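Sharing a sequence plus its predicted fold:
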Amino acid sequence: MRILFVGDPSTFSLELSAYISELGDDWQILVAANGEAAIAEVAQSSIDVVIVAPVLSDLSATTLLGQIRTLRPETSRIALVDVQEAQRAPAARIIGVAHRLLPVPLTPEALLEAVTSLEELRELLDNPKLRTSIGRIEKLPSPPHLYLSLMQALEEDEQTDANDIAKLVSGDPAIAAKVLQLCNSAFFSGGRSIADLRTAVTRLGISTLRDLVLASEVFSIPSLPQAERTAMQQRALLSSRLAAKILPASSAELGSTAALLADIGLLLPGVRNEHTPPTDAHDDRPGHSEAGAYLLGLWGLPMPIIEAVAFQLHPQRSSLRSFWVTGAVHVATALVSGNPVDEEYLRKVGVLPKLPGWREQAEKLLGRAEDV
């Protein structure tokens, strides 16, 4: 395992280096003082993990990680964030190029946990059996182009306003109509009529409209009966809202999107619905969670979302030993669907006392949904 630290050496403690060296000869630490040195190192040799300090002397962390993604897409990319900044939502740009965000000061345990978790997920997405199963599908669902265009516009210009967003959405009349239909449901509108997309952006907020666009695109895939697709969309939107409430503001958007896409694997033919008991002990079809995670990987969505979808039903299978997006998606989707919550997992990550409050939030959301 070759790990490249990028940034001021003071960011990476001596304790961290000593810890890594004790893991054995297979672990090697390299250091690059700035972004240009890191690019030169990555260009000339294979690197397993790149860890970038919050501030570099020459490039932004986002720019560096984006270039490393181009040079070595197989390299795991970790961005460090300042603890004081961690209470604020991370920029969409850094989420798009980093596989994992970790706070500084970086502890040895947090680093090892992140690396092993990413390796586990990489093995999952590189599973030849899963890849073969998905490869048999003649036509995979297309990426949600409008959603990705919307995210790109927000990333490129943080000053994008309601008019710009409304104009982008209105470019697809079918999706725009579906978004307005969802906006005017009692669940979202609160009884107030929303007549145009600009009003929807202003009243609902960018994050809610973004999720409505994503839901409108994803659940327009005609691989399921209409009634079943509508029910899935309803559960997905409710789970999305609940996951956002469970997580702090800095992670709410990631959790919201991951919960919205949690069951996307059910839209693929030839997968096993893991919400129902297996009828055949020898059923070797891929589960919908792994299949969905694989599809999102093909679409290039951020790794925290892919990981949450992959491990949503069994969060303890993830090597991540803290409650983050995967845990929130597990809780949200279970409560909305009426499935058991893994309380042992919640106990291990120290959030079990919060479960009653989350149940109350779920009941309120479900009660509102009954009026839609």
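Received it, and whenever you're ready, just let me know what you need. Residues are numbered from 1 along each chain as shown.

Check the burial of the closest residue in space to residue 75 that isn't next to it in sequence by counting its neighbours.
Of all residues beyond its chain neighbours, the one nearest residue 75 is residue 47 (5.2 Å), with distances taken as Cβ to Cβ, 6 or more residues apart in numbering. Heads up, the C-betas are built off the backbone N, CA and C, glycines and all. Counted with other Cβ atoms under 10 Å, residues neighbouring residue 47 total 24.

what's downstream of the helix or strand harbouring residue 94, the next helix or strand?
When secondary structure is defined using DSSP states H and E, the element that contains residue 94 is helix 92-97. For helix 92-97, the succeeding helix or strand toward the C-terminus, using DSSP H and E, is strand 100-104.

Give the other helices and strands that that next one contacts.
For strand 100-104, the elements it packs on are strand 76-82, helix 108-125, judged by 3 or more Cβ pairs under 8 Å, 6 or more residues apart in numbering; DSSP states H and E.

and the gap between the residue nearest to residue 75 and residue 76?
9 Å (Cβ to Cβ, to the nearest Å).

one step back: comparing the helices and strands packed on strand 100-104, which gets the lowest mean pLDDT score?
Of all the helices and strands packed on strand 100-104, helix 108-125 carries the lowest average pLDDT, namely a mean of 73.

pretty sure residue 296 contacts residue 304?
No: between residue 296 and residue 304 no contact is recorded; they are 10.8 Å apart, counting by Cβ atoms under 8 Å.

remind me which residues of the stretch 1-150 of the chain are low pLDDT?
Counting by pLDDT under 70, the low-confidence segments of the stretch 1-150 of the chain come to 83-93, 95-96, 117-118, 120-122, 124-125, 131, 134-140, 142.

now the stretch 151-300 of the chain
Scanning the stretch 151-300 of the chain for pLDDT under 70 picks out 155-159, 186-187, 189-191, 222-224, 298, 300.

Identify the spatial nearest neighbour of the spatially most central residue of the chain, chain neighbours not counted.
Nearest to the mean C-alpha position of the chain, by Cα atoms, centre = their mean, lies residue 305 at 1.7 Å. Spatially, and ignoring its direct neighbours in sequence, residue 305 is nearest to residue 258 (4.3 Å; Cβ to Cβ, 6+ apart).

just residue 163 next, same as before
residue 198 (6.1 Å).

Contacts only, for that neighbour.
With contact taken as Cβ atoms under 8 Å, 6 or more residues apart in numbering, residue 198 is in contact with 162, 163, 166.

Mind checking which of those residues land in helices?
162, 163, 166 (DSSP state H).

Write the ChimeraX selection for whichever of the residues you listed are buried.
A single ChimeraX command suffices to select whichever of the ones in helices among the contacts of residue 198 are buried according to 16 or more other Cβ atoms under 10 Å:
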select :162,166
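
how far away is residue 201 from residue 213?
Relative to residue 213, residue 201 is positioned 11 Å away (criterion: Cβ to Cβ).

ugh, wrong one, residue 163
16 Å.

again with residue 169
According to Cβ to Cβ, residue 169 stands 6 Å off from residue 213.

Repeat that for residue 297.
Applying Cβ to Cβ, one obtains 21 Å for the distance of residue 297 from residue 213.

Which one's more surrounded, these two?
Comparing residue 297 with residue 213 by other Cβ under 10 Å, the one with more neighbours is residue 213, at 25 against 19.

Restricting to C-alpha, output the helix or strand harbouring the more buried one in PDB.
Counting by DSSP H and E, the element that carries residue 213 is helix 206-218. Presented in PDB, the C-alpha positions along helix 206-218 are these (Å, rounded to 0.1, in the frame of the first residue of the first chain):
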ATOM      1  CA  ILE A 206     -32.100  24.300  -4.400                       C
ATOM      2  CA  SER A 207     -31.400  21.000  -2.500                       C
ATOM      3  CA  THR A 208     -35.100  20.000  -2.500                       C
ATOM      4  CA  LEU A 209     -35.600  20.900  -6.200                       C
ATOM      5  CA  ARG A 210     -32.400  19.000  -7.000                       C
ATOM      6  CA  ASP A 211     -33.700  15.900  -5.400                       C
ATOM      7  CA  LEU A 212     -37.100  16.300  -7.200                       C
ATOM      8  CA  VAL A 213     -35.200  16.500 -10.500                       C
ATOM      9  CA  LEU A 214     -33.200  13.400  -9.700                       C
ATOM     10  CA  ALA A 215     -36.400  11.500  -8.600                       C
ATOM     11  CA  SER A 216     -38.200  12.600 -11.800                       C
ATOM     12  CA  GLU A 217     -35.400  11.300 -14.000                       C
ATOM     13  CA  VAL A 218     -34.600   8.100 -12.200                       C
END
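
which residues touch the next helix or strand after that helix?
Proceeding N to C from helix 206-218, the next assigned helix or strand is helix 226-246, under DSSP H and E. Identification of contacts with helix 226-246 by Cβ under 8 Å, 6+ apart yields 182, 187, 207, 211-212, 215, 219, 221, 224, 252-253, 255-263, 266, 325, 328-329, 331-333, 335-337, 358, 361-362, 365-366, 369, 372.
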